[in-house]
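Colleague: model the following, please.
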Amino acid sequence: MQNETDNSQPQADNQNEQPLARFVISEDGTEVTDNNTGLIWRRCPEGMTASVDGCTGIPGVYNLEEALALAKSEAKATRQAWRLPKVEELSSIVDMSRRDPSIDTDVFPGTPGSAFFTSSPDGALSWFVSFYVGKVFSEYNAIPNHVRLVRSS
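Modeller: Here you go, the predicted structure:
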């Protein structure tokens with residue numbers, strides 16, 4: 001029986017089937033589905049262009065107001081409910097066995113080892129996830145940081 005904190009992979013129904021992969025990259029390389037959480041992530045940080053071969057360009061940096069406006073604009077343009085992730089959601093893709101960046105770069109290429117915004121406010125501060133070492137911290141909303149958008153499946 002699995003509980004909420006169990007990070008093990010789903011088991012195959014019979015011995016001949018492969019277990020379901022945790023992350024599945026879309027055919028066009030722009031999205032990643034997390035089979036553990038059901039969330040769909042933008043594969044590249046905002047500001048970069050995704051393709052089947054990875055990410056090109058430079059990840060953008062945004063203050064909180066700009067990050068929220070970007071999410072709203074992307075949701076409208078794609079007719080998908082893109083948003084900033086909650087701190088728990090963004091923390092779920094951290095890979096603590098890696099450092100700088102602390103994320104699977106085969107799945108999420110182009111991710112810098114730096115802070116990413118979440119939608120979790122803390123007054124004039126927001127919670128961030130640092131992909132340098134995978135830690136959560138708070139910082140002023142006005143300080144520019146990176147953005148990775150998410151939506152529910």
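Colleague: in the chain, which strand is the longest?
Modeller: Of all segments of type strand in the chain, defined using DSSP state E, the longest is strand 115-122.
Colleague: for the chain, which segments count as helices?
Modeller: In the chain, the segments counted as helices under DSSP state H are 64-78, 87-91.
Colleague: rewinding a little: the longest strand of the chain: which residues count as buried?
Modeller: Using 16 or more other CB atoms under 10 Å as the test for burial, strand 115-122 gives A115, F116, F117, T118, S119, S120. Yep, even glycine has a C-beta here, placed from its N, CA and C like the rest.
Colleague: CSV for the residues you listed, including distance to T105 and pLDDT?
Modeller: Below are the buried residues of strand 115-122 laid out as CSV (distance: CB to CB, whole Å; pLDDT from 0 to 100):
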residue, distance to T105, pLDDT
A115, 17, 97
F116, 14, 98
F117, 20, 96
T118, 20, 96
S119, 24, 94
S120, 25, 88
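Colleague: among those residues, which two are most distant?
Modeller: Using CB to CB, the buried residues of strand 115-122 span at most 14.2 Å, a distance reached by A115 and S119.
Colleague: enumerate every residue touching N145.
Modeller: The contact partners of N145, taken as CB atoms under 8 Å, 6 or more residues apart in numbering, are V61, Y62, A67, S114, A115, F116, F117, F128, E139.
Colleague: what about the fifth one, distance to I143?
Modeller: What it means is A115. As judged by CB to CB, to the nearest Å, A115 and I143 stand 8 Å apart.
Colleague: C-alpha coordinates for the helix or strand of the chain with the lowest mean pLDDT, CSV please?
Modeller: Among the helices and strands of the chain, strand 115-122 carries the lowest confidence by mean pLDDT, DSSP states H and E, at a mean of 92. Provided in CSV are the C-alpha atoms of strand 115-122 (Å, rounded to 0.1, in the frame of the first residue of the first chain):
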residue,chain,number,x,y,z
ALA,A,115,15.4,30.2,-7.9
PHE,A,116,12.0,29.6,-9.5
PHE,A,117,8.8,31.4,-8.4
THR,A,118,5.9,29.6,-6.9
SER,A,119,2.3,30.9,-6.4
SER,A,120,2.7,30.5,-2.6
PRO,A,121,2.7,34.0,-1.1
ASP,A,122,4.1,35.0,2.2
